[in-house]
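A.B. asks: Give the three-dimensional model of this entry:
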Amino acid sequence: MALAHAIMTALIDADLSGYELARDFETSMGFFWHASHQQIYQELRKLAEKQWLSKREVQQSGKPNKIVYGLTPAGREALSEWVFSATRNQAAKDELVIKLYNLSAANAAHLAAEISDRRKQMMRLLYTYEKIRLRHYSDPASLPTRSKGAYLALIRGLGQGQQFLAWCDEALALIGSVDPTVQD
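C.D. replies: The predicted structure is shown next:
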């Protein structure tokens, strides 16, 4: 998926400024597709040049004017074509996994600490996911169609997070059994 498609998806229901888009992105699609504010602004410019997004200046009193972006009919068509295209499964890149190939008695405690930190981060993320689920998705069957899709993405994130916690627990137990006096 290109960042362009994530941005256009975020603009399906409402026109947004770059700031609003970046803010909303962090608390929704950003859980599953990371993009910096700079990347979002660059992509907005490119999409407007392709005429997939419209942009208009909105006057503000006491602060600089803002540019608001909206999905054009051509953008909606491009997004629709993308939805019907084949989806690629992208392999994860995780430096910690490569470090684990180098596990030794000398670095076991350090790697266990990294895994423990990752576990804590995941616990915080799962807490956030659960708050979102309880606040917005108490009755999934009654949701509008697009909201059902967002719910399914959230549930996937919850499931992957729970699976990651189980992996962390197994990894910490196994690394904890490494004898620091035995050199491999």
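A.B. asks: next helix or strand past the helix or strand of the chain with the lowest mean pLDDT?
C.D. replies: Ranked by mean pLDDT, DSSP states H and E, the helix or strand of the chain with the weakest confidence is helix 18-26, at a mean of 86. Note on helix 18-26: by DSSP states H and E, the next helix or strand toward the C-terminus is helix 37-49.
A.B. asks: May I see the buried residues of that following helix?
C.D. replies: Using 16 or more other CB atoms under 10 Å as the test for burial, helix 37-49 gives 40, 43, 44, 47, 48. Glycine gets a C-beta too; all of them are placed from N, C-alpha and C.
A.B. asks: any idea where the helices of the protein begin and end?
C.D. replies: 3-10, 18-26, 37-49, 73-84, 95-100, 108-136, 145-176 (DSSP state H).
A.B. asks: Okay, now stretch 19-39: how far is its last residue from its first?
C.D. replies: One end of stretch 19-39 sits 12 Å from the other (CA to CA, to the nearest Å).
A.B. asks: Show me how far it is from its chain's centre.
C.D. replies: 8 Å (CA atoms, centre = their mean, to the nearest Å).
A.B. asks: re the thing from before, just checking, what packs against the least confident helix or strand of the chain?
C.D. replies: helix 3-10, helix 37-49, strand 66-71 (3 or more CB pairs under 8 Å, 6 or more residues apart in numbering; DSSP states H and E).
A.B. asks: Now do it: everything it contacts.
C.D. replies: Contact partners of helix 18-26, identified using CB atoms under 8 Å, 6 or more residues apart in numbering, comprise 6-7, 10-11, 16, 35, 37, 40-41, 44, 66-67, 69.
A.B. asks: tell me the domain ranges of the chain?
C.D. replies: Domain assignment for the chain, taken from automatic domain parsing, gives 3-84, 95-176.
A.B. asks: Let me know which of those domains is tucked in deepest.
C.D. replies: domain 3-84 (a mean of 15; mean count of other CB atoms under 10 Å).
A.B. asks: Quick one: end-to-end distance for that one.
C.D. replies: 17 Å.
A.B. asks: can you offset everything so residue one is 528?
C.D. replies: Sure thing, new numbering starts at 528, so read that last one as domain 530-611.
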